[in-house]
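> Have a look at this prediction, sequence included:
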Amino acid sequence: MAVHVHTLDNGLSVYLSENHEEPWISCRVAIRAGAAQEPAESTGLAHYLEHMLANKGTRSLGTRDAAAEQPHLDRLRELYERLRETEGHARAELLARIDDENQAANRWAIANELKQVYGLLGARGLNAFTSHDRTVYVVDVPSNRLDAWARLEGNRFAEPVFRGFPTELETIIEEKNRALDNAGRVLSMAANSLIWAGHPYARDVLGEVEHLLAPSIAATERFFSTWYVPNNMAVILAGDLDPARALELVEAHFGELRRAELPPREAPALAPLGGEQRAGVVHRGDEEVRLVWRTVAREHEDAEALMLADMMLDNSSTGLLDTRLEQRQLVRSAGAFPSQRIQGGTETVWGRPRVDQGLDEVEALLREQVEALRAGEFSQADLNDLIANFEVGELRKLESNGARAAVMLDAFTHQREWDKVRTRLARLAAIDREQVVETARRWLGDELVVVQRSEGEPPVSKIPVFGLSELELDADSHSQLFTEVLSLPSPALELQVLRVGEHVERTQTRAGLLYRGQNPNNDLFQLTLRVATGSAHDPIIGKALALWARAGVGALDLEGYRRALFHAAAAVSLDSRRQQCTLTMAGRAPVLAEIFGLVRERLRAPVISETDRARWAEDLVGKRKQRRETTEFKFTTLKQWALRGPKSPYLAEALTNEQVLGLELDALRAAPAKLLEHERVVVYSGPHEQAELVELLGLDAAPIPVPDYQPLQFEARPEHELRVLVCHHEAAQTKLGLFAPSEGYDPARAALYRLFHEYVGGAAGLVFQEIRESRGLAYAAHGGHGAGARAGDQNLIWASLASRPDRAAEAAAVLLGLLREFPVQAQRFERARGSAIERLLGSRVRFRGYGFAAESWRLRGLKADPRPDILAALEALTIDDLRAFVRPLASAGLAMVVVGDTARMDMAALAQLGALELRELDELVVY
């Protein structure tokens, strides 16, 4: 991976990497500051700032009159400072004044203008994230729009304005509620509070609740002026770029940022743990135990040996945790992961228990594997295989612009010279077994933190809201900068058009279709076999393939089989769905015949014992029982009931727990061979010729026909009906979805589907703007159009959000109003159509996807790439076409799905929306 590294006169770091495979550039602006640099009395501040810069605009963008809005923003800053010192009735009065000033400032604001302009530029992935050490702003742009990106981003960091702060704070509180509902995050916070006690890394990036309720705009502005300076920032670009031209643009638009002296980074000395420290939390879902050791920073001399030690514990194939615990089914699951930051690091080893297994037993088993690592119970050959697999993974990863950008971002974060990055693989290969053992002994010793998560109802934190009034958003006005950026000259992108016979070969063999394409980059192959059968046709097949994942082959047990794959640096995966099973193999081309032969034998004669079967069945039932207690499972099963009633796959196709436990080993052993016997579709990329593949894969043999496809259909509902289906679930948030079954998929209307999806759910889309930006009702709010995957499938219009229980009814009413009274506005229509066109022009199927794309078009009844027709249709669509498309929503039968705490939701208000139905989980699933 070739990289150009520069430093501008103002100290800005610039990283550039060329990759001309597709006309896209992954763009990152990174700041070496995050939660660790916050004042201790204002946690969450770095994250506030990320939200402000992510979409609120500048003095030139996001406002109709910066001078007119400034007095109101100044008063908001002052009022928030007073709020931090005020309690009781006086606080309520201040909040009312904040609401008034927010309304007054909003009169001059243009909603989501940054998102709007990026949408019209055809950009994708506009986002930002904050960690303890850095804050990063992310977007991918078509390569013909780099000039526009540079102007927008240079302006973003030169003159930001923190408008919309009160409403955005409501959104941040919703994000905090989501975190409190996340069992893994709660466990991590418990571990961090001990392992990093007295250090800024102990903080939650989202901030403490008491600080969220006493925010400071002034402190946020000080953080920006202190840390967001060019000598603490980097611009990172990877993709279809000319390095000289890209550097020129960065200099032109970032070069005027003024450098400043950075304050010293707080780096308090960590007190020794003094042995073992323990903590426990209670939450829904899987129980878990974690062992956490304090290790080293990324640039420490032991960091790379520790990374290899981590992979010797867990590499998903041959690690000590993989082979000695998971594959022997001594625990349900186990793993390890490192975290190496600027000021220190950790190594975490985790495990989840089997049915009726205690966390203490899991902890003891985890400790045994760490001791085995420290004792050197692995060979140099194991380490060599680890390096070979790592190299293959790196080769494949660096085909992606996003992965290239991530490598450069890591180099900037840790101030690593590029030569050191470039030679990393050679350094890893030079580390021997003795060094790994010595490093593990040095760092994975008796000083550690142990945290356990037990199953139960967590304490629900009720974060009070500020009670802001709804904002009337102006998304139709535009600033001069908006207009200027869109007017910048840019060469037109050429629409990609794939042709069977030119980009990918399609051959009808006796066993089914074979798609074959080349890998233009290296000697890696990927082979996928698809068989159109699944749990909808045979309830055993999915279970048999899940058990097959635990099988040996011939004289090899499961560990031996996985070691054979690992030694070959190859990977095999299996996926089973309702009407399709997929087997995928990948690796270097010379090993294909060897690996396929091994997999073929394993499919035909898997080595599985009755003990293996019984343990697998017990684990599956245990996982089901714990999954029942999660928001996502309840929401999914309730949604399927709402849309399909008794035909829900959780009722009509799933096996009961008793049936799973009673499955016979012979039937389970026999089922995987169907993947080799039935008619199938093969998609291949790599250097092998067609004749080689036909012979190797046995495609010249007559297959067993696959079952007929069952088109996706939803229950018909009476016009004007709204069913409000509620399932009780105690949680900090309520999850809510609104669903409108639509027409059957029609390729001739694909442009309309794209337009609607962009209008509702795209950049600055209708749902996001009205739910989050205008009212602050949710952190996550989405909507769109789900097009059928095959001819005959029914489409689905949907919208969803997650909100506080006490605001769920309000959010539901707004969502319902948006669909029933669908607002069609001329300027939003033009933005959505323009964005859809730009996205289509920039869309690229990459070489591994050629065969999959051609097959998806065939399944929809298309003879060629549909994108030229879709583009022409998009360009011809009018606002009346959109009005006609959404008109049926006014009277369509709708289903609203609500999963949340019925004791905290306004059930009477929900009942006023439609026919309220309370459902128990046992009504929705057979297990």
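Alright, I've got the coordinates. Numbers count the residues shown, from 1 in each chain.
> residues contacting the residue nearest to the spatial centre of the chain?
The residue lying closest to the centre of the chain (Cα atoms, centre = their mean) is G125, at 11.1 Å. Contact analysis of G125 by Cβ atoms under 8 Å, 6 or more residues apart in numbering lists 138-140. Using the backbone N, CA and C atoms, a C-beta is placed for each residue, glycine as well.
> which one of those sits closest to N155?
Nearest to N155 among these: V139, at 13.9 Å, using Cβ to Cβ.
> in what helix or strand does the residue nearest to the centre of the chain lie?
Secondary-structure assignment from DSSP states H and E places G125 in strand 124-130.
> What's the first helix or strand after that strand?
Remark: after strand 124-130, the chain's next helix or strand is strand 135-142, criterion DSSP H and E.
> neighbouring strands for that following strand, and are they parallel or not?
Sheet pairing here is set by DSSP bridges, and for strand 135-142 it gives strand 24-31 (antiparallel), strand 124-130 (antiparallel).
> hang on, E41 in a helix?
No. The assignment for E41, made by DSSP: H, G, I helix; E, B strand; the rest coil, is coil rather than a helix.
> shouldn't it be in contact with H211?
Yes. Between E41 and H211 there is a contact under Cβ atoms under 8 Å: 7.3 Å.
> related to what we said a few turns ago, which of the strands paired with strand 135-142 is buried the deepest?
Most buried of the strands paired with strand 135-142 by mean neighbour count (mean count of other Cβ atoms under 10 Å) is strand 24-31; its value is a mean of 25.
> okay, the angle between the helix or strand following that one and strand 124-130?
Next helix or strand after strand 24-31 toward the C-terminus (DSSP H and E): helix 45-55. Taking axes from the mean of the first three to the mean of the last three Cα atoms, to 10 degrees, one finds helix 45-55 and strand 124-130 inclined to each other by 160 degrees.
> what about the next helix or strand after helix 45-55, distance to the chain center?
Following helix 45-55 in sequence order, the next helix or strand is helix 66-83 (DSSP H and E). Taking Cα atoms, centre = their mean, to the nearest Å, the mean C-alpha location of helix 66-83 is offset from the chain mean by 36 Å.
> helices or strands next to helix 66-83 in the packing?
Where contact means 3 or more Cβ pairs under 8 Å, 6 or more residues apart in numbering; DSSP states H and E, helix 66-83 is packed against helix 88-106, helix 165-180, helix 217-227.
> quick one, which of those is nearest to D793?
Closest among these, using Cβ to Cβ: helix 165-180, at 31.7 Å.
> Give me the buried positions along the host helix or strand of E391.
Taking DSSP H and E as the criterion, E391 maps to helix 380-397. For helix 380-397, the neighbour count (16 or more other Cβ atoms under 10 Å) marks 382-383, 385-390, 392, 396 as buried.
> and which of the residues you listed is nearest H6?
For those, the nearest to H6 is R396 (28.3 Å; Cβ to Cβ).
> got the contact list for the closest one?
Shown in contact with R396 (Cβ under 8 Å, 6+ apart): 524, 586.
> Just the CA trace of stretch 278-297, in CSV.
The C-alpha trace of stretch 278-297 is given here as CSV (Å, rounded to 0.1, in the frame of the first residue of the first chain):
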residue,chain,number,x,y,z
ARG,A,278,-14.1,-7.7,40.8
ALA,A,279,-17.4,-6.1,39.8
GLY,A,280,-20.8,-7.4,38.7
VAL,A,281,-23.7,-6.0,36.7
VAL,A,282,-27.2,-7.3,36.0
HIS,A,283,-28.7,-7.1,32.5
ARG,A,284,-30.9,-8.9,30.0
GLY,A,285,-29.6,-11.5,27.6
ASP,A,286,-26.5,-13.7,27.7
GLU,A,287,-24.5,-14.0,30.9
GLU,A,288,-20.8,-13.2,30.5
VAL,A,289,-17.6,-13.0,32.4
ARG,A,290,-14.6,-10.9,31.3
LEU,A,291,-11.0,-11.0,32.5
VAL,A,292,-9.2,-7.7,31.8
TRP,A,293,-5.5,-7.1,32.1
ARG,A,294,-3.9,-3.7,31.9
THR,A,295,-1.2,-3.9,29.1
VAL,A,296,0.6,-1.4,26.9
ALA,A,297,0.1,1.6,24.6
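> Might you calculate how far it sits from the centre of the chain?
With Cα atoms, centre = their mean, you get 23 Å for stretch 278-297.
> What of stretch 875-883?
Per Cα atoms, centre = their mean, the centroid offset for stretch 875-883 relative to its chain is 33 Å.
> Name the residues that touch that stretch?
Applying Cβ under 8 Å, 6+ apart, the external contacts of stretch 875-883 come out as 751-752, 755-756, 759, 824, 826, 829, 833, 837.
> The host helix or strand of A691 - what's its average pLDDT?
Per DSSP H and E: A691 is located in helix 690-697. Average pLDDT, helix 690-697: 97.
> what does stretch 876-895 give?
Across stretch 876-895, the average pLDDT comes to 98.
> Do me a favour and get the end-to-end distance for that stretch?
Distance across stretch 876-895, first residue to last, is 33 Å (Cα to Cα, to the nearest Å).
> how about it: buried residues?
Using 16+ other Cβ under 10 Å as the test for burial, stretch 876-895 gives 877, 881-882, 885-886, 889, 892-895.
> One more: stretch 810-829?
Those would be 810-812, 814-816, 818-820, 822, 828-829, for stretch 810-829 by 16+ other Cβ under 10 Å.
> Which of the residues you listed fall in helices?
Counted as lying in helices by DSSP state H, out of the buried residues of stretch 810-829, are 810-812, 814-816, 818-820, 828-829.
> Now tabulate those in JSON lines and tack on distance to R422 and pLDDT.
Below are these laid out as JSON lines (distance: Cβ to Cβ, whole Å; pLDDT from 0 to 100):
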{"residue": "E810", "distance to R422": "55", "pLDDT": "96"}
{"residue": "A811", "distance to R422": "50", "pLDDT": "97"}
{"residue": "A812", "distance to R422": "54", "pLDDT": "98"}
{"residue": "V814", "distance to R422": "52", "pLDDT": "97"}
{"residue": "L815", "distance to R422": "51", "pLDDT": "97"}
{"residue": "L816", "distance to R422": "56", "pLDDT": "98"}
{"residue": "L818", "distance to R422": "51", "pLDDT": "97"}
{"residue": "L819", "distance to R422": "53", "pLDDT": "97"}
{"residue": "R820", "distance to R422": "58", "pLDDT": "97"}
{"residue": "R828", "distance to R422": "47", "pLDDT": "94"}
{"residue": "F829", "distance to R422": "49", "pLDDT": "96"}
